[in-house]
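Student: Fold the following, please.
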Amino acid sequence: MTSPSTARRDAGQPLTGFEQFSLTPSIQRGIAGLGFTIPRPIQAQTIPAALAGRDVLGLAQTGTGKTAAFALPILERLNTGRRRGARALIVAPTRELAMQIQAEIVSLARFTGIKTVAIFGGVSASLQIRTLRSRPEIIIACPGRLLDLMQQGEVDLGGTEVLVLDEADHMFDMGFLPDIRRILKALPNKRQNLLFAATMPAEVRALTRDVLQNPCTVELAHSRPPEAIEHALYPVGEGHKLDLLLHLLSDDDFTSAIVFARTKYRARRLAEQLSRSGHNAVALQGNMSQPQRDRAMNGFRQGRFDILVATDIAARGIDVASVSHVINFDVPSTPDAYTHRIGRTGRAERSGKAFTLVCDEDRGVVRDIERNLGEPIVRRNVPGFPEPRRAPVTAVPSGRGGDEAGAGNGYANGERRHRGRAATGRGERQRTGVQTARDGGGNGNTADHRRDYRGVALSWLPDRSSAKLLRNRLLTRAPCRLA
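Tutor: Numbers count the residues shown, from 1 in each chain. Okay, here's the model as predicted:
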């Protein structure tokens, strides 16, 4: 039976929408089932090159349809010359993104018979192994669990025809580069490579030269937030941040929000404070088990929770269409993180609002963000909420190092802070530590085991027992005397 698009092409009529790609009818049915009609710009500019077998580097704002941009060419390729076994490998940095990619591909491929499997840590590998033994054509994986199963002999990548690195910049930023190189060695030299991301710093772009061969490069204003997003800065003193957050959430346009906090503890505590204030809030952070994370995300998507309080684990790739507000309770540490965070609203050309609460010590990071955007962000002052005062610089006793420096950017009301010299962006990053990269988060760790509990950097303490004593005293708010 001749497809409508073929008939129109034979009659000399121009093809519109997704018909212009001349995809097989079974894939066209999947596209129609999702309600897709007009290709998004990143799709229109990358799908033809991918269908032609070229390597692709796609850089576009978050929420612009990058998943379909690589999924449709893969499905078209696999739908012709069918054979079982892994033919396409899609590598993603986080479990949530891997599951999201699989869900969209399953919907697009529902009429093709093409099978997929998602591989990630935090859950038992037994079900993933059973699915792998059924020889699915598409593997969507986080690097850590993929390497584990490769070492166990459960994954054979020798027949891979297409490699996709989604959120490629995040993969490199999280320290996945050694894992990615190990995966690349297991792949055939002759393959198609597709890299998609929302940002691509110069140093990361250099790394792509090792993977891509004569790529088709598409850049769509990837460093700027989508025009549909209204974003603004709200200067505020640290002690008034929670009250200002509640004020912003009382907006008549508010339906649901993602609120970003810097640390796992702050996200959990802020979710509790918002719940006590009458909102249905839930935290999403790296210490949660996979079932807990699934319950949080599914509850937020289904409307059981109207606020998701998250660390940056949720800032990449997570697509929840109905988010009306993104609020940075803590200023992100980099300009790229700002772009990714506020991109959680304004998805699929919807409008959205993104607000950032700014304290005095955030000025340096804000300047970097505005420099990256190429324009200043509007400042808004709310009556009744005083602007932050510039904190005085206090000397730190010799031998106690910069890691005990001041409170950094905003600690929630009631948190104790260790008084030291005023924090800088660099000091904050040192104090917060480096999140483990494996499988998109896991448990956040610091470079030093003497970790802070309430934002207090303990690297100057003489031993582990002293650090533990101070943490316990902070929990009970009791006087503390160190030996």
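
Student: Let's verify residue 49: helix, strand, or coil?
Tutor: At residue 49, secondary structure determined by DSSP: H, G, I helix; E, B strand; the rest coil is helix.

Student: no, scratch that, I was asking about residue 163
Tutor: strand.

Student: wait, it sits on residue 86?
Tutor: No - Residue 163 lies out of contact with residue 86 (C-beta atoms under 8 Å); the separation is 10.9 Å. Where C-beta positions appear, they are placed from N, C-alpha and C, glycine not excepted.

Student: quick one: which of these two has more around it?
Tutor: In this view residue 163 and residue 86 are compared by other C-beta atoms under 10 Å, and residue 163 has more residues nearby, 22 against 19.

Student: In contact with residue 68, which residues?
Tutor: By C-beta atoms under 8 Å, 6 or more residues apart in numbering, residue 68 lies in contact with 36, 40, 43, 104, 108.

Student: For my notes, confirm the third one occurs in a helix.
Tutor: Yes - with the criterion set as three-state DSSP, the secondary structure at residue 43 is a helix.

Student: Report how many residues lie close to it.
Tutor: Using other C-beta under 10 Å, residue 43 has 27 other residues around it.

Student: Just the C-alpha atoms of stretch 154-163, please, in PDB.
Tutor: Extracted C-alpha coordinates of stretch 154-163, given in PDB (Å, rounded to 0.1, in the frame of the first residue of the first chain):
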ATOM      1  CA  GLU A 154      26.300  -9.600  29.300                       C
ATOM      2  CA  VAL A 155      26.600  -6.800  26.700                       C
ATOM      3  CA  ASP A 156      28.100  -7.300  23.200                       C
ATOM      4  CA  LEU A 157      28.600  -4.000  21.300                       C
ATOM      5  CA  GLY A 158      30.400  -5.600  18.400                       C
ATOM      6  CA  GLY A 159      27.500  -5.000  16.000                       C
ATOM      7  CA  THR A 160      26.800  -1.400  17.000                       C
ATOM      8  CA  GLU A 161      26.000   0.800  14.000                       C
ATOM      9  CA  VAL A 162      25.100   4.000  15.700                       C
ATOM     10  CA  LEU A 163      26.500   5.700  18.900                       C
END
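
Student: What residues sit buried inside it?
Tutor: Buried residues in stretch 154-163, counted by 16 or more other C-beta atoms under 10 Å: 154-155, 157, 159-163.

Student: Tell me which residues are up against that stretch.
Tutor: Around stretch 154-163, the neighbours that count as contacts under C-beta under 8 Å, 6+ apart are 73-74, 77, 83, 85-89, 91, 119, 129, 132-133, 139, 146, 149-150, 183-184, 186-188, 191-194, 211.

Student: Please indicate which of the residues you listed are buried?
Tutor: Those of the contacts of stretch 154-163 that meet the buried threshold are 73-74, 77, 86-89, 91, 119, 132, 139, 146, 149-150, 183-184, 187, 191-194, 211, by 16+ other C-beta under 10 Å.

Student: quick one: the helices in the stretch 51-200 of the chain?
Tutor: With DSSP state H, counting those that start in this stretch, the ranges of helices along the stretch 51-200 of the chain come out as 66-78, 95-108, 126-133, 143-151, 168-173, 177-185.

Student: For the closest residue to residue 351 other than its chain neighbours, list the residues it contacts.
Tutor: Distances taken as C-beta to C-beta, 6 or more residues apart in numbering put residue 228 closest to residue 351, at 4.9 Å, once the chain neighbours are dropped. Applying C-beta under 8 Å, 6+ apart, we find residue 228 in contact with 346, 349-352.

Student: Now compare those and name the two farthest from each other.
Tutor: Farthest pair in these (C-beta to C-beta) is 349 and 352. Separation: 10.3 Å.

Student: neighbour-wise, which of those two wins?
Tutor: Per other C-beta under 10 Å, whichever of residue 349 and residue 352 has more neighbours is residue 352, with 24 against 12.

Student: In the contacts of residue 68, which residue is surrounded by the most others?
Tutor: Result: residue 43 is most packed of those (other C-beta under 10 Å), 27 neighbours.

Student: Between the contacts of residue 68, which sits nearest residue 64?
Tutor: Among these, and counting by C-beta to C-beta, the member closest to residue 64 is residue 40, at 5.5 Å.

Student: show me what contacts that closest one?
Tutor: By C-beta under 8 Å, 6+ apart, residue 40 lies in contact with 64-65, 68-69.

Student: same check, this time on residue 280
Tutor: The contact partners of residue 280, by C-beta under 8 Å, 6+ apart, come to 304-307.

Student: Kindly recompute the last result at 10 Å.
Tutor: Counting by C-beta atoms under 10 Å, 6 or more residues apart in numbering, residue 280 touches 256, 274, 299-300, 303-307.

Student: do residue 268 as well
Tutor: Counted by C-beta under 10 Å, 6+ apart, residue 268 has contacts 261, 282-285, 287-288, 309, 311.

Student: List the buried residues of stretch 196-212.
Tutor: Within stretch 196-212, the residues that qualify as buried are 196-201, 204-205, 207-208, 211-212, counting by 16+ other C-beta under 10 Å.

Student: ok, the closest residue to residue 149 other than its chain neighbours to residue 109 distance?
Tutor: Leaving aside its sequence neighbours, residue 149 sits nearest to residue 155 (C-beta to C-beta, 6+ apart; 4.7 Å). Using C-beta to C-beta, to the nearest Å, one gets 20 Å for the distance from residue 155 to residue 109.

Student: Nice, that's everything, thank you.
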